Structure formats: structure tokens, C-alpha cells
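K.L.:
need a 3D model of the sequence below.
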Amino acid sequence: ALGTPTALGTPTALGTPTAPAPGAGFTSKSVARMQSTDVAVRVRSTDVSVTRTKGQTVGAVDDGFHGAKEHILTVDPKHAMLAGGFVHSPELTVCYSVWPYLRHLGYIVYAIVLQVVLGQAWAFPNSEPGEAPCPANANMCGLEVSLNQASGHFRLLIAFVLGGFVASTVGMWRQRRQNYASLCGSTRNLCVQIQASLAWDESGETTKLRETLSRWVLLAYELAVLKPRNAMDSDRARDHLKAVGLLEADEWEKTIPGDRHTTVFFWILAKCRQQATETGGKLRSERAWALETIAEAVGVMRSQANDLMSSLDRDDPFPYLSLTAFLVNVNVLLFTSWKGVEWAAWFYKSGGGIYRAPKMYVEILVLFVWNLSYQAMYDLSYVLHNPFGARRIDVAHEVIAAGIRKLATSLAHAGEHIPQTFRDAK
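P.N.:
So this is what the prediction gives:
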């Protein structure tokens, strides 16, 4: 129904026609006319601010999907004061809220309660305060030894499980960000392929086609990122895309819910095929080659945009997550209980005076930091699971998208970016 490409010319050894259709080439005259064409770009530009502080390069925009949010672009380990991140940049760490601290303060309270309750005469009937409670009091001493051994056994077991878990979590986070980086590259590539393949003339019709295809590429790109944000089908997403000039007329209603970005890829490919097959189409004379190249670029971008989270093949299995969580929490509980019983012996021997010694406060601090650090290795799975949110640590999509948007809208008026040497070369 779309017909067969016409005016292809005779291919040379390099696959380029020797007899292109009139007006289809990159001539100095057509480039000059394109440069003089003044057509407003409908896609709204975005102002980006970039600041550097504490070894962090931070980017922000005013009109992002989440509003004016800052995101980390890169970190210089030499100047980032990483060890103090829990203090000066808690939102970038596993201790991003007060909850982890409160949870482990609860463990400290539990250990102190054990110490006070068990550090009484009824628990150590065979010795007096000031005397060594062990080994005279077999029950309490045996409990302390058992908890110590159990904690050691579990630490040995979970060391292998937790090491693999952390590696898997960080690897999945990196893979999803690599997927996004590939999406950015394929978006730029598709813009270049389309704009280099379209006819170069001064007509408003051609310019409108260029702008529309550029806008569709950007629309597919934005929809692909809205999917892992669980917002692709939301009214908020529709309003945001209209506000930044990427959505027009009835386009939102024509996209397929759940696959809106895929629908836009269909529009792009269908429009390019139409331009390649219809008489007077705007694809240059190498129509078959151009359409094939664009189709390949669309396929590459669609594969990257399909599902940035890709939970089907990237998420850790639930039994693995459950086992790791169970082992971490059991180990923290056993270690805290052991310390509570050990402190009880100290409490009884000192007659309650152990809190006059620095040793007790060092023990409390060490227990708190150890539990917090151990639990934090599992909590990495919460923090790194979805890197496409509004947090500072998440992908700086709006900042990166501003550069891609500038490229796409500029190439829609490609004549303005052709140097004199291009026109002079024969």
C-alpha cells in the first residue's frame, strides 16, 4: 500500500546512487536557503545550572518532572570527604533518614536492658560483686559463651552470602545506569540519522517534518524514563510533556497505555517509510539505504528504551533477598544479645559502677556502629534499586535531557550548523 521507493539511481560500489533526484543533495544553495529559514522551534529549551562543592558536581533544572531538583553528575573521591558523607550528605548514603539510627539505637536500648536485668544477684548466685562471675556461675557464663559462638558461626556463614549480595546490588545499579547511558547515545544517533537523511530545502513543510520527527524522538526518550518512575500513563506525565512542548494535539490519546514510547517509535518509522515511498517524499535519493539505516537506529533505541528497570531479568530472586535479610537481622540480634549478656557480668561485678568507666561507652559506640554498618550492607538494596527517582543520588536525567533536547531541536535546522568547508567540498 505504501508503494516502492522511486528515483533511487544506480548504486555505485559504495552503495550511493550516481543519479540522485533533483534537489535531493547537499548543495551550497540548499544549505544557504535553510540557514535563512526562520521557523520557531516548538520544543521548549531548558536552563541548566551546574555547581561544584565538596567534590560533587551537581546539576539542576527548573522544569523537571520532579520540579527543581538537584542531582549528582559526578564525584571526585579526592575532594568529596566520603568518610563524612553520613554527616554532610546523608541523602547520598544508606543512612538517608533518621530511621536507621533509631532502629539501631533500639538495639542499644535492648542490650542495656539485658545488662541491667541480668546483672543482678539472682543471675549470679555463686559469686559476690567485685568477684569474677565466671566460671562460678555456669548458667550465665554458659549463655554468654553460647551466644558468642552462635554469633561467630552466623558471621562466617553470612560473609559469603552478603558479599555476593552487595556485589549483585551494585552491579544491577550500574547496569541500569549503563542502560540509560546507552539510551542517551541511541537517542542522539537517531536524531542524527533522521536529520541527515531528510531532504535539504527551504520549504516550511520540510522544516515542520524535521521538527516533528525531532520532537517525537525526544518524546519517546522522555516516555522511556517516565516508565521506571511509574508515571508513564499518569495525568501528571501528560501535563509535564505538554508543558515542555513534546506533546501536541491528540498524540497522548493515540499512544497505547503501557507502551506509549513504543507507539511513538512506530510513528517515527511509519513517517520515515512514508517519506521514502511516496512521490515527493522528503527522504533523499538514497531512499532504500536511508530507510534501512533509520529503521536500524529506531530498533536500537527501542531496545534500550523498552524497560530501563527490566525487573524481569535483573531483579534478585525473592528467596535470595529473603534469606539475606533473615541472616543479617538474626546476626545483628545475636551479636547484640551476646553483648548484653557480657555487659551484665561486668555490671554485676562492678556493682553497677561500670558506667563510671570509659570502657562501657566505647563498647556501646562500637556496638552501634557495627550493627549500623552490617545492616547498611543489606540496606544498599533499598537505596540502589531504582536510580530514576527524585533523589540527589539518582540519574540526573533532566540535566542530561536538556543537552539532548538542544541537539535535536538544533539539528531540525541543520543548515545553521553546516560550515563553509562543507559547502566548498566537491
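K.L.:
for the chain, which helix extends over the most residues?
P.N.:
Longest helix in the chain, counting residues (DSSP state H): helix 138-197.
K.L.:
after that helix comes which helix or strand?
P.N.:
If you walk from helix 138-197 toward the C-terminus, the next helix or strand you reach (DSSP states H and E) is helix 204-226.
K.L.:
between helix 138-197 and that next one, find me the angle.
P.N.:
170 degrees (axes from the mean of the first three to the mean of the last three Cα atoms, to 10 degrees).
K.L.:
let me see the mean pLDDT of helix 204-226.
P.N.:
When pLDDT is averaged along helix 204-226, the result is 94.
K.L.:
residues contacting whichever helix or strand comes after it, please?
P.N.:
Sequence-wise, the next helix or strand downstream of helix 204-226 (DSSP H and E) is helix 235-243. Contact partners of helix 235-243, identified using Cβ atoms under 8 Å, 6 or more residues apart in numbering, comprise Arg44, Asp63, Phe65, Leu219, Glu222, Leu223, Leu226, Ala231, Leu247, Glu248, Trp252. Where C-beta positions appear, they are placed from N, C-alpha and C, glycine not excepted.
K.L.:
for the third one, what are its contacts?
P.N.:
It refers to Phe65. Phe65 makes contact with Leu226, Arg229, Ala231, Arg236, Ala237, His240, Glu398, according to Cβ under 8 Å, 6+ apart.
K.L.:
now do the phi/psi pair for it.
P.N.:
phi -60, psi -40 (degrees, to the nearest 10).
K.L.:
coming back round to it: same for the longest helix of the chain, what does it pack against?
P.N.:
Using 3 or more Cβ pairs under 8 Å, 6 or more residues apart in numbering; DSSP states H and E as the contact criterion, the elements in contact with helix 138-197 are helix 204-226, helix 260-277, helix 287-305, helix 311-314, helix 318-349, helix 358-384, helix 397-411.
K.L.:
re earlier: Pro358: which of the contacts of helix 235-243 is nearest?
P.N.:
Nearest to Pro358 among these, counting by Cβ to Cβ, is Phe65 at 52.0 Å.
K.L.:
what sits against Gly55?
P.N.:
Taking Cβ under 8 Å, 6+ apart as the definition of contact, the neighbours of Gly55 are Val75, Asp76, Pro77, Lys78, His79, Ala80, Met81.
K.L.:
my error: substitute Leu407 in the last question.
P.N.:
Leu407 neighbours (Cβ under 8 Å, 6+ apart): Arg188, Cys191.
K.L.:
tell me how far Asn179 lies from Val217.
P.N.:
18 Å (Cβ to Cβ, to the nearest Å).
K.L.:
out of these two, which sits in the busier spot?
P.N.:
When Asn179 and Val217 are compared for neighbours, Val217 comes out ahead with 30 against 21, by other Cβ atoms under 10 Å.
K.L.:
that one contacts Ala408, doesn't it?
P.N.:
Yes. Under the contact definition of Cβ atoms under 8 Å, Val217 touches Ala408, with a separation of 6.0 Å.
K.L.:
what is in contact with those two at once?
P.N.:
With Cβ under 8 Å, 6+ apart, Val217 and Ala408 have common neighbours Thr187, Cys191.
K.L.:
quick one: low-confidence residue ranges for the stretch 101-250 of the chain.
P.N.:
By pLDDT under 70, the low-scoring segments of the stretch 101-250 of the chain are 202.
K.L.:
and the nearest residue to Tyr374 once chain neighbours are set aside, what does it touch?
P.N.:
Among residues not flanking Tyr374 along the chain, Val332 sits closest, at 6.0 Å (Cβ to Cβ, 6 or more residues apart in numbering). For Val332, the set of contacting residues under the criterion of Cβ under 8 Å, 6+ apart consists of Tyr107, Asn371, Tyr374, Gln375.
K.L.:
what of Thr169?
P.N.:
Asp316, Leu380, Ser381, Leu384.
K.L.:
next, count neighbours for the third one.
P.N.:
Burial of Ser381 is recorded as 20 neighbouring residues (other Cβ under 10 Å).
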